[in-house]
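> Sequence first, predicted coordinates after that:
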Amino acid sequence: MTHVDLSTLDLVLAGFAGVAIAAACGLRAFLPLLALSLGVRFGFLHVTPSAMWIASGPAIIALLWATVLELAADKVPALDHLLDLVATALRPIAAAIAAWCTFTGVHPALGVAAAVVLGAGAMGIHVAKAKVRLGSSMLSFGTANPILSFMEDAIATGLSAMAVLAPLAAVLGVVLVVWAFRRVYRGPRTAPAAEDPGGE
């Protein structure tokens, strides 16, 4: 990894990628960070030297193992709710790390602000996801949760890959994911009852 002079475009694209990575952290804590780490390592994304630690060998190895463990544990009905409890703190922190790494090149203060805002956004996605899981557990006694887990894996992987390979498109993907989870979180709206023409 060599030092490169970052252009404004590099920093903007890294910021867009950070938004998508942070959103994906609302579903998986370590998979998006692993994607960010590999993206920086292989030159798809450029961050400032102070954030290059994310692409170091030890960071990649640690994130790889953490990703495997998180994905495996989330498929076990007895462990998925416990993992969600732990992830209530872990996923916003992961999103904040991703935001800081990708926004700090513009200005350190902006990096801190992005970490706070995107960390809170990841928390919102995590809460909506947990609500879906809770409903699934009540309706299917947990048997459908592994299927939902694979769907979440696919969304997190898709957002993370887009963040690295097509940051602009990834932001649109984030908008769609947030819209979908808001719809699920709010639930279907009931139509107002029709008035009785007879006045009763």
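Arrived safely. As the structure is a computational prediction, the values presented were derived from the model and not from experiment. Numbering: from 1, shown residues only.

> low pLDDT regions in the protein?
Counting by pLDDT under 70, the low-confidence segments of the chain come to 1-6, 105-107, 136-137, 140-142, 181, 184-200.

> ok, now how distant is Ile125 from Leu148?
14 Å (C-beta to C-beta, to the nearest Å). Just so you know, the C-beta spots here come from the backbone N, C-alpha and C atoms, and that holds for glycine as well.

> Between these two, point out the one with more neighbours.
When neighbours are counted by other C-beta atoms under 10 Å, Ile125 and Leu148 differ, and Ile125 comes out ahead with 27 against 18.

> Let me know whether Gln168 touches Phe16 as I believe.
That one is not Gln; residue 168 is Leu. Yes. Here Leu168 lies in contact with Phe16, judged by C-beta atoms under 8 Å, at a distance of 6.0 Å.

> and the residue nearest in space to the middle of the chain, which of the three is it?
By C-alpha atoms, centre = their mean, the mean C-alpha position of the chain lies nearest to Ala24, the distance being 1.7 Å. On the three-state scheme (DSSP: H, G, I helix; E, B strand; the rest coil), Ala24 is labelled helix.

> returning to what we had before: neighbour count: Leu168 and Phe16, which is higher?
Phe16 (21 against 12).

> quick one: that one and Gly173 touch, right?
No. Applying C-beta under 8 Å as the test, Phe16 and Gly173 come out as separate, 10.8 Å apart.

> By residue count, tell me the biggest helix in this structure.
In the chain, with assignment by DSSP state H, the single longest helix is helix 108-140.

> helices or strands up against that one?
helix 8-25, helix 77-103, helix 145-165, helix 167-186 (3 or more C-beta pairs under 8 Å, 6 or more residues apart in numbering; DSSP states H and E).
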